[in-house]
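In: from the sequence below, what's the structure:
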Amino acid sequence: QISATIARANGSTFDRDLLVEATNTLQANPWVREVHQVRRVYGRRPGDTMEVDCEFRAPIALVQWGEYYWLVDGDGVKLPEQFTANHVPRIVMGRDGRLNIRIITGVKQPPAATGEKWAGQDLVAGLGMVKLLYGKPYAEEIVTVNVANFAGRKDNREAQIVLGTSYGTQIRWGLPLDAKDFFAEVPVSQKLDDLSLVKQQYRRVPAGQPWIDIRYDKI
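Out: So this is what the prediction gives:
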């Protein structure tokens, strides 16, 4: 799709305005984080090919708002693609049965315009969890990051972040990663160790229970 927008640019390949137009088109595309260079190169003849060097935005999570789910990148920028609930299962899980992407639920602020940063520290906290869990084999069954109780806005005694599994069960994680009062709970490293231990002992998280709480020394 990005290539197609560039290919529609008008003018000769030797026209500098064509390169300017292509650069502007790329800079306006929400999938493009930064344009490094647009230049003419030799294909079949001098200058007949346009080469672009860009840094692209990679989606790392789906964020739910109402009936829809939007892709966002690691900075919380909302990308063009949106989905309904019936599309989500085959996006979240690959054909090989492995996790492709996680879902963040419970955000308070409505979606931003496409290409803009979605507001809310709760979303920042959710993205932090998504990044933390990425690539950890014992977290493969963790599908959702629920931030509905961020900052204790529903119940100050309950976990601010709750992780949901593919079994419909919960892991009560607790405080966001950048919390200043982290001493109220065990360190992040211990929580991760506990998840790994549960996975080793019970072959799934959270150990076949409806929920587990890993905020404190005793699970």
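In: what bits of the protein have low per-residue confidence?
Out: 8-15, 46-47, 182 (pLDDT under 70).
In: which other helices and strands does the longest strand along it contact?
Out: Secondary structure of the chain per DSSP state E: the longest strand is strand 32-41. Secondary-structure packing of strand 32-41 (3 or more Cβ pairs under 8 Å, 6 or more residues apart in numbering; DSSP states H and E): helix 16-27, strand 49-56. C-betas here are computed from N, CA, C, even on glycine.
In: would you point to the one among those that's packed deepest?
Out: helix 16-27 (a mean of 16; mean count of other Cβ atoms under 10 Å).
In: the inter-axis angle of that helix versus strand 32-41?
Out: Between helix 16-27 and strand 32-41, the angle comes out at 160 degrees (axes from the mean of the first three to the mean of the last three Cα atoms, to 10 degrees).
In: now helix 16-27 against strand 49-56, angle please.
Out: Using the same axes, to 10 degrees: helix 16-27 against strand 49-56 is 30 degrees.
In: what packs against helix 16-27?
Out: Identification of packing neighbours for helix 16-27 by 3+ Cβ pairs under 8 Å, 6+ apart yields helix 2-7, strand 32-41, strand 49-56.
In: the ones you listed: which one's closest to residue 117?
Out: Across those, residue 117 has its closest neighbour in strand 32-41 (12.0 Å, Cβ to Cβ).
In: how about the closest one: buried residues?
Out: Buried residues in strand 32-41, counted by 16 or more other Cβ atoms under 10 Å: 32, 35, 38, 40.
In: what about the helices in this structure?
Out: 2-7, 16-27, 88-92, 121-133, 188-202 (DSSP state H).
In: ok, which of the ones you listed comes nearest residue 214?
Out: The stretch from the helices of the chain with the least distance to residue 214 (Cβ to Cβ) is helix 188-202; that distance is 4.8 Å.
In: just the angle between that closest one and helix 121-133, please?
Out: Using the same axes, to 10 degrees: helix 188-202 against helix 121-133 is 60 degrees.
In: now helix 188-202: buried residues?
Out: 188, 191-192, 194-195, 198-199.
In: go on, stretch 132-149?
Out: Buried, per 16+ other Cβ under 10 Å, within stretch 132-149: 132-133, 138-147, 149.
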